[in-house]
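Novice: my questions concern the predicted model and sequence given below.
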Amino acid sequence: MDVIRRFYNLYFSEDKELTERLKPILGFTPARISLFKTAFYHKSMTNETPGKPTNERLEYLGDAILSTIVAEYLFKKYPNKDEGFLTKMRSKIVKRQTLNEIADRMGLDVILSEYSMGKMSSAMLGNAFEALIGAIYIEFGYEKTKNYVIRNILMKYIDIIELETKDDNHKSILLEWCQKNGKEINFTTIAKFKLDKRDCFKVAVVVEGQEISTAEDFNKKSAEQTAASKAIELLKIPVTP
């Protein structure tokens, strides 16, 4: 039945154009094309069509599946590493910035832009990526999805060896530097506003009462990380590569 669906979606479906564009990105032709189409509908895009399904449920499912697959992969890859190491490695892989970058490299931005009713953010790319993982899971089940993620995501877009030594938690690096040097530091939310009908945060890094850097993002934690990264550069804090 799925073979027939895939053939129909590729040649006769009203969504055949989307199917054609997804095939080289995913490496297969989806049978449940409506599910994969929903993966690109962010809640901010459906204001003009109330009641239209969004990708939130698929994103929720994909987030859980991806985290489980990565945890299992790392558990088997590093049989002698402790829980702390495995947890840090998983966090580096499934964090929002990494997922946004993977989605961009996959070319999801081209498809997502067609469904965007306003400004497309990098976070929306990561959301769509997780939603796609959820759709793949529904399409194939856990084992095939696990093999797909390991082969087409982890091995293709993630440099595991580099991640072992890379410390990209900029906020943690900055906090540690300030503590070692006896400096008072605060991350202050200086503004919260609406952008494309979504909450957006402007965060400042304040060291010894002086504003060092600021950053804006739809996610407060992401804004803090970006502001911390800018502060590290401005303060010329050495970072281990």
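Specialist: In hand now; what should we look at?
Novice: CA only for contacts and neighbour counts going forward, please
Specialist: Noted.
Novice: give me the residues contacting stretch 23-31.
Specialist: 2-3, 5-6, 9-10, 19-20, 22, 36, 106-108, 139 (CA atoms under 8 Å, 6 or more residues apart in numbering).
Novice: which of those residues fall within helices?
Specialist: Counted as lying in helices by DSSP state H, out of these, are 2-3, 5-6, 9-10, 19-20, 22, 36, 106, 108, 139.
Novice: give the residue farthest from the middle of this protein.
Specialist: Going by CA atoms, centre = their mean, the residue of the chain most distant from its centre is Gly182, 34.8 Å out.
Novice: regarding that one, what is its secondary structure?
Specialist: Under DSSP: H, G, I helix; E, B strand; the rest coil, the three-state class of Gly182 is coil.
Novice: now it: how far from Tyr137?
Specialist: Distance of Gly182 to Tyr137, given as CA to CA, to the nearest Å: 49 Å.
Novice: for Glu208, see how far away the residue farthest from the centre of the chain is.
Specialist: 10 Å.
Novice: remind me which residues of this structure are low pLDDT?
Specialist: The chain contains residues with pLDDT under 70 at 45-51, 116-119, 167, 196-197, 240-241.
Novice: ok, which stretches of it are strands?
Specialist: 185-195, 198-207, 210-217 (DSSP state E).
Novice: with respect to Ile158, which of the ones you listed lies nearest?
Specialist: strand 210-217 (24.3 Å; CA to CA).
Novice: okay, buried residues for that closest one please.
Specialist: For strand 210-217, the neighbour count (16 or more other CA atoms under 10 Å) marks 212-217 as buried.
Novice: so what are the sheet partners of it and their directions?
Specialist: strand 198-207 (antiparallel) (DSSP bridges).
Novice: residues making contact with the strand it pairs with?
Specialist: Taking CA under 8 Å, 6+ apart as the rule, strand 198-207 contacts 44, 183-194, 211-220, 223-224, 227-228, 231.
Novice: just the helices in this protein please.
Specialist: For the chain, applying DSSP H gives helices covering 2-11, 16-26, 33-38, 56-77, 83-94, 96-106, 108-115, 122-140, 142-149, 155-157, 160-165, 170-180, 220-234.
Novice: follow-up on the earlier one: using TSV, lay out the contacts of stretch 23-31 together with neighbour count and distance to Ile93.
Specialist: Listed next are the contacts of stretch 23-31 as TSV, based on neighbours: other CA atoms under 10 Å; distance: CA to CA, whole Å:
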residue	neighbour count	distance to Ile93
Asp2	12	32
Val3	11	33
Arg5	16	33
Arg6	20	31
Asn9	23	33
Leu10	22	33
Thr19	24	28
Glu20	16	29
Leu22	20	23
Phe36	24	23
Met106	16	16
Gly107	16	19
Leu108	20	18
Glu139	18	24
